[in-house]
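Asks: Sequence first, then the predicted structure, then my questions.
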Amino acid sequence: MGYDLKLRVWRGNEAGGELCDYTVEVSEGEVVLDALHRLQATQSGDLAIRWNCKAGKCGSCSAEINGRPRLLCMTRLSDFEETETITVTPMRTFPVIRDLVTDVSFNYKKARQLPGVELGPRDADGKRRMMQQDVERGQEFRKCIECFLCQDVCHVVRDHEDNKEAFSGPRFFLRYAELDMHPLDTHDRRKLAQEAAGIGMCNITKCCTEVCPEGIRITDNAIIPMKERVVDRKYDPLVWLGSKIGLRPKDSEGRQEL
Ligand code: SF4
Ligand code: SF4
Ligand code: FES
């Protein structure tokens with residue numbers, strides 16, 4: 001059975017915009033992205049929306065629905081009352097390009113700061129081995145579809161533009177943790193996680209975990225263990241003694257730490 005959905009959509013660009021009201025005919029089983037596509041097809045051909053897979057896998061259709069960061073293609077209309085007005089706005093943490101499309105290049109900049117995997121030598125038989133539990137931990141982290149909803153919800157940057165320089169955000173703490181706990185990787189990213197990525201600014205509110213469409217336990221499985229590793233390094237008596245007698249560990253660029 002179809003019905004008339006009341007939609008309120010933010011329309012505008014970097015100079016400013018406003019919420020506009022529409023009524024769109026929708027059908028049973030549809031998602032918010034279907035309703036926006038019908039709006040585009042029947043009333044507002046110039047409505048800008050970023051999407052690709054319509055299956056929750058490309059991470060393109062991130063926006064805010066009734067103020068909550070969500071994927072447009074995975075949010076069912078049946079989650080709402082038929083009489084309810086659904087409000088769709090762009091992700092607040094990133095600059096608007098137009099309508100629901102934001103400039104997420106902040107995330108690409110942070111990704112470039114992170115050194116890639118550096119594997120140690122192979123075993124004598126030419127193979128590399130790791131424990132199954134290490135494989136499974138990495139698999140959870142690799143489910144990330146880079147929708148950046150966790151980045152959007154994180155209050156450290158959501159309400160504080162000036163923190164963006166010093167803070168990489170939960171999506172990248174996940175990557176730091178994945179590589180730092182990888183048993184075959186040889187690079188020590190702990191100093192970088194602390195000083196360049198600003199993991200110390202995270203106060204473990206778990207909002208990032210709550211919005212992750214892949215159900216990754218970002219805070220418990222990545223951020224907290226990574227914070228513990230950073231603290232271990234900082235307060236490790238051997239590291240402290242080494243710094244006193246000149247045996248300083250190397251930093252993430254392979255340089256001697258000061
Ligand atoms: S747990 Fe940390 S990274 Fe996640 S939203 Fe909260 S402050 Fe941000
Ligand atoms: S960790 Fe989850 S919320 Fe964050 S970018 Fe990846 S899939 Fe999206
Ligand atoms: S369109 Fe790909 S995740 Fe929504």
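Replies: Yep, it's here. From a predicted model like this one, the values you see are computed outputs, not experimental measurements. Ligands and ions are numbered 1, 2, ... in the order given.

Asks: all helices for the stretch 51-200 of the chain, in order.
Replies: Taking DSSP state H, counting those that start in this stretch as the criterion, the stretch 51-200 of the chain carries its helices at 105-112, 132-141, 149-153, 155-158, 170-180, 190-195.

Asks: Comparing these, which comes out most buried?
Replies: When the helices of the stretch 51-200 of the chain are scored by mean count of other CB atoms under 10 Å, the highest mean neighbour count falls to helix 149-153 (a mean of 26). Just so you know, the C-beta spots here come from the backbone N, C-alpha and C atoms, and that holds for glycine as well.

Asks: CA atoms only for that helix, dumped as PDB, please.
Replies: What follows is helix 149-153, C-alpha atoms only, in PDB (Å, rounded to 0.1, in the frame of the first residue of the first chain):
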ATOM      1  CA  LEU A 149      29.200   8.500   9.700                       C
ATOM      2  CA  CYS A 150      31.400   7.900  12.700                       C
ATOM      3  CA  GLN A 151      33.500  10.900  11.700                       C
ATOM      4  CA  ASP A 152      30.300  12.900  11.300                       C
ATOM      5  CA  VAL A 153      28.900  12.100  14.800                       C
END
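
Asks: can you list contacts of it?
Replies: 62, 64, 69-71, 91-94, 104, 106-107, 157-158, 169-171, 207-213, 218 (CB atoms under 8 Å, 6 or more residues apart in numbering).

Asks: before we move on, the earlier item: okay, the helices of the stretch 51-200 of the chain in JSON lines with mean pLDDT and distance to ligand 3 next?
Replies: Converted to JSON lines, these look like this (pLDDT from 0 to 100; distance: least, CB to the nearest ligand atom, whole Å):
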{"stretch": "helix 105-112", "mean pLDDT": "98", "distance to ligand 3": "15"}
{"stretch": "helix 132-141", "mean pLDDT": "96", "distance to ligand 3": "18"}
{"stretch": "helix 149-153", "mean pLDDT": "98", "distance to ligand 3": "10"}
{"stretch": "helix 155-158", "mean pLDDT": "98", "distance to ligand 3": "21"}
{"stretch": "helix 170-180", "mean pLDDT": "97", "distance to ligand 3": "15"}
{"stretch": "helix 190-195", "mean pLDDT": "95", "distance to ligand 3": "28"}
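
Asks: okay, those in TSV with distance to ligand 1 next?
Replies: Shown next, in TSV, are the helices of the stretch 51-200 of the chain (distance: least, CB to the nearest ligand atom, whole Å):
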stretch	distance to ligand 1
helix 105-112	12
helix 132-141	14
helix 149-153	6
helix 155-158	5
helix 170-180	4
helix 190-195	12
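
Asks: okay if I get those as TSV plus distance to His37?
Replies: Shown next, in TSV, are the helices of the stretch 51-200 of the chain (distance: least, CB to CB, whole Å):
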stretch	distance to His37
helix 105-112	26
helix 132-141	32
helix 149-153	20
helix 155-158	28
helix 170-180	27
helix 190-195	40
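
Asks: circling back to that earlier point, narrow the contacts of helix 149-153 to those in strands?
Replies: 62, 64, 69-71 (DSSP state E).

Asks: Looking at those, spot the one nearest ligand 3.
Replies: Leu71 (4.7 Å; CB to the nearest ligand atom).

Asks: who's in contact with the closest one?
Replies: Taking CB under 8 Å, 6+ apart, we find Leu71 in contact with 56, 59, 61-62, 147, 149, 213.
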